[in-house]
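In: Kindly generate the corresponding structure for this input.
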Amino acid sequence: MTAKSPFIYRFEAGNRADAPPLLLLHGTGGDENDLLQLGAMISPGSPLLAPRGRVLESGMPRFFRRLAEGVFDEEDVRHRALELGEFVQGARSRYGIDAPLAVGYSNGANIAAALMLMDPHVLSGAILFRAMVPLTDPPDAQLDGKPVLVLSGQQDPIVPADNAAALAAMLSAAGAKVDHRILPVGHQLSQADIALGRTWIAETRNQATVS
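Out: You can find the predicted model right below:
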């Protein structure tokens, strides 16, 4: 952490000019170290920016408050999403990186989706592992074809299938280019998530190069 940031975070400089910066957003109870290995696996050589959520729930870091399992404090979601956006903008200036691709898991995926809807220019796109609808009444966002991969678990006991589908539809309606995959897994990450994430990033990068 630096004196200029309210977040505790890790930053690892990349070593490939064609690898997109990743904003790594952990799940409940995680921290800034949790997804570093995942980031390196799905996009080798990418700069990695990994903040720790600033909200504590029974001592466990999160990115926003919730009222119950699956019931979010949406006022706090909005505030924390904009706060995260300010952090990202500061880090971009500090480290000289492009708009990052968010890679979020569970609570981290939810704040990434909220950030895309609240402040669309901050992120270049997102991979959302086990995400839910973060805002029942989102602002009118213009996502202008930003790529988003939503990876849901068919046996996920936390994220209802219709909620994950509603999130994909919400982002699509805002103009994102959404690829929603449902895997035969639960809430935890799997090797299939890693493989799909890596392939999707490579394909997205190639498409951007061609266009």
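
In: who touches the residue nearest the centre of the chain in this structure?
Out: The centre of the chain sits closest to residue 104, judged by CA atoms, centre = their mean, with a distance of 3.3 Å. Going by CB atoms under 8 Å, 6 or more residues apart in numbering, residue 104 touches 24, 25, 110, 111, 112, 113, 126, 127, 128, 129, 131. For glycine as for every other residue, the C-beta is placed from the backbone atoms N, C-alpha and C.

In: In strands only, show me those.
Out: 24, 25, 126, 127, 128, 129 (DSSP state E).

In: For those, name the two members farthest from one another.
Out: Across the ones in strands among the contacts of residue 104, no pair lies farther apart than 24 and 128, at 12.6 Å, counting by CB to CB.

In: any idea where the strands of the protein begin and end?
Out: Going by DSSP E, the chain shows strands at 9-12, 22-25, 48-51, 55-57, 60-62, 66-68, 71-72, 101-105, 125-129, 147-153, 177-183.

In: before we move on, the earlier item: export the contacts of residue 104 as CSV, with columns for pLDDT and distance to residue 37.
Out: Shown next, in CSV, are the contacts of residue 104 (pLDDT from 0 to 100; distance: CB to CB, whole Å):
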residue, pLDDT, distance to residue 37
24, 99, 10
25, 98, 15
110, 98, 22
111, 98, 20
112, 98, 19
113, 98, 23
126, 98, 19
127, 98, 15
128, 98, 19
129, 98, 14
131, 98, 20
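
In: Can you get me a residue count around residue 82?
Out: 15 (other CB atoms under 10 Å).

In: hmm, I was thinking of residue 147
Out: 21.

In: Now it. Nearest residue, chain neighbours left out?
Out: Sequence neighbours aside, residue 125 is the residue nearest to residue 147 in space, at 4.1 Å (criterion: CB to CB, 6 or more residues apart in numbering).

In: what ranges do the helices span in this structure?
Out: Applying DSSP state H to the chain gives helices spanning 36-42, 74-95, 107-118, 161-173, 191-210.

In: I'd like to know which elements the shortest one is packed against.
Out: Spelled out, that is helix 36-42. strand 22-25, strand 48-51, strand 101-105, helix 191-210 (3 or more CB pairs under 8 Å, 6 or more residues apart in numbering; DSSP states H and E).

In: Let me know which of these is the nearest to residue 163.
Out: Nearest to residue 163 among these is strand 101-105 (15.6 Å), distances taken as CB to CB.

In: Buried residues, that closest one. List them.
Out: Neighbour counts over strand 101-105 (16 or more other CB atoms under 10 Å) mark 101, 102, 103, 104, 105 as buried.

In: got it, and stretch 85-97?
Out: So, applying 16+ other CB under 10 Å, buried residues of stretch 85-97: 85, 87, 88, 91, 92, 97.

In: where does this structure dip in pLDDT?
Out: For the chain, the stretches with pLDDT under 70 are 1-4, 208-211.
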